[in-house]
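S.K.: heads up, no residue letters with this:
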């Protein structure tokens, strides 16, 4: 048996103009699904081939595969100490078949990089997969350990201090949008994306929280503050974890 905590938050509307249609292709938007990082939970040990744990894990992986149409799944086996939990989330603009493709990629990547590990985390451009023996019930508190940052090696031109300040303010605005309830007035959005001109440059950004975290805003605020430690004046940067993530670039990287 499985317990599933699945929410649909990808509240994106698509408007088709009959006469004037502006098409942005995936290639022109630099949309990729590259591998970013992984962490094997070596302290949780390894399972033996053909063991009950392997069978349960494979069964849970198949179960989650059928439940990711909403973009997020938190599911667990219900067998006490031997329980297994999978938390999976797609980026806010990655939905339906794109989300399923990222899930398949993440599962294959986990098996390759953490062979027979009972737990581990793997991040891609458009999703993350977290497998653990710990049955972390929702709502989850923020996990500060499993976070990392990435940045463009190039610096922006001009006043970097002003760029940092304006980019931080931009991300804070998106955080406030993500932490609001959706049109139904019940569920939180937990995702926001936009573009804004900062000086002579246009900045594209997104923020997102996992759907089962207890507090979205504090998580994103903490991540924003990490930018000053890793990514001052960089043309692009991101902070990723299993609770929330953010990213900004000087080029469009999301589906419209």
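M.R.: Looks like it arrived, so ask away. A quick note: this is a predicted structure, and the numbers were derived from the prediction, not measured.
S.K.: which residues of this structure score low on pLDDT?
M.R.: 1-30, 79-81, 181-188 (pLDDT under 70).
S.K.: At which residues are the helices of it located?
M.R.: Ranges of helices within the chain are 52-65, 96-113, 160-178, 216-230, based on DSSP state H.
S.K.: residue boundaries of the strands in this structure?
M.R.: Assigned by DSSP state E, the strands in the chain fall at 2-5, 35-40, 72-77, 85-90, 120-124, 127-132, 148-151, 191-198, 201-209, 237-240, 244-249.
S.K.: how about those in a markdown table, adding distance to residue 113?
M.R.: Every residue, glycine included, has its C-beta placed from N, CA and C. Below are the strands of the chain laid out as a markdown table (distance: least, C-beta to C-beta, whole Å):
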| stretch | distance to residue 113 |
| --- | --- |
| strand 2-5 | 25 |
| strand 35-40 | 5 |
| strand 72-77 | 21 |
| strand 85-90 | 16 |
| strand 120-124 | 7 |
| strand 127-132 | 11 |
| strand 148-151 | 15 |
| strand 191-198 | 27 |
| strand 201-209 | 23 |
| strand 237-240 | 16 |
| strand 244-249 | 20 |
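S.K.: out of these, which comes closest to residue 223?
M.R.: strand 237-240 (4.2 Å; C-beta to C-beta).
S.K.: And the closest one, what's buried?
M.R.: For strand 237-240, a neighbour-count test (16 or more other C-beta atoms under 10 Å) marks 237, 238, 239, 240 as buried.
S.K.: likewise stretch 212-222?
M.R.: Quick answer for stretch 212-222 (16+ other C-beta under 10 Å): 212, 213, 215, 216, 217, 218, 219, 220, 222.
S.K.: hang on, the earlier thing: as JSON lines, the helices of the chain with distance to residue 89 would be great.
M.R.: Below are those laid out as JSON lines (distance: least, C-beta to C-beta, whole Å):
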{"stretch": "helix 52-65", "distance to residue 89": "11"}
{"stretch": "helix 96-113", "distance to residue 89": "9"}
{"stretch": "helix 160-178", "distance to residue 89": "14"}
{"stretch": "helix 216-230", "distance to residue 89": "13"}
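S.K.: nearest to residue 38, of those?
M.R.: helix 96-113 (4.9 Å).
S.K.: Okay, angle between the closest one and strand 120-124 too, please.
M.R.: For helix 96-113 against strand 120-124, the angle by axes from the mean of the first three to the mean of the last three C-alpha atoms, to 10 degrees is 130 degrees.
S.K.: Next, format the buried residues of stretch 212-222 as CSV and append distance to residue 115.
M.R.: Output for the buried residues of stretch 212-222, formatted as CSV (distance: C-beta to C-beta, whole Å):
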residue, distance to residue 115
212, 28
213, 30
215, 35
216, 34
217, 38
218, 36
219, 31
220, 34
222, 33
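S.K.: and which of these is nearest residue 142?
M.R.: residue 219 (4.7 Å).
S.K.: can you count the residues close to the nearest residue to that closest one once chain neighbours are set aside?
M.R.: In space, and not counting its chain neighbours, residue 219 is closest to residue 244: 4.0 Å by C-beta to C-beta, 6 or more residues apart in numbering. Residue 244 has 27 neighbours, counted by other C-beta atoms under 10 Å.
S.K.: With residue 254 instead?
M.R.: 22.
S.K.: What of residue 101?
M.R.: Residue 101: 15 neighbours (other C-beta under 10 Å).
S.K.: isn't it right next to residue 65, touching?
M.R.: No: using C-beta atoms under 8 Å, residue 101 makes no contact with residue 65, being 11.2 Å away.
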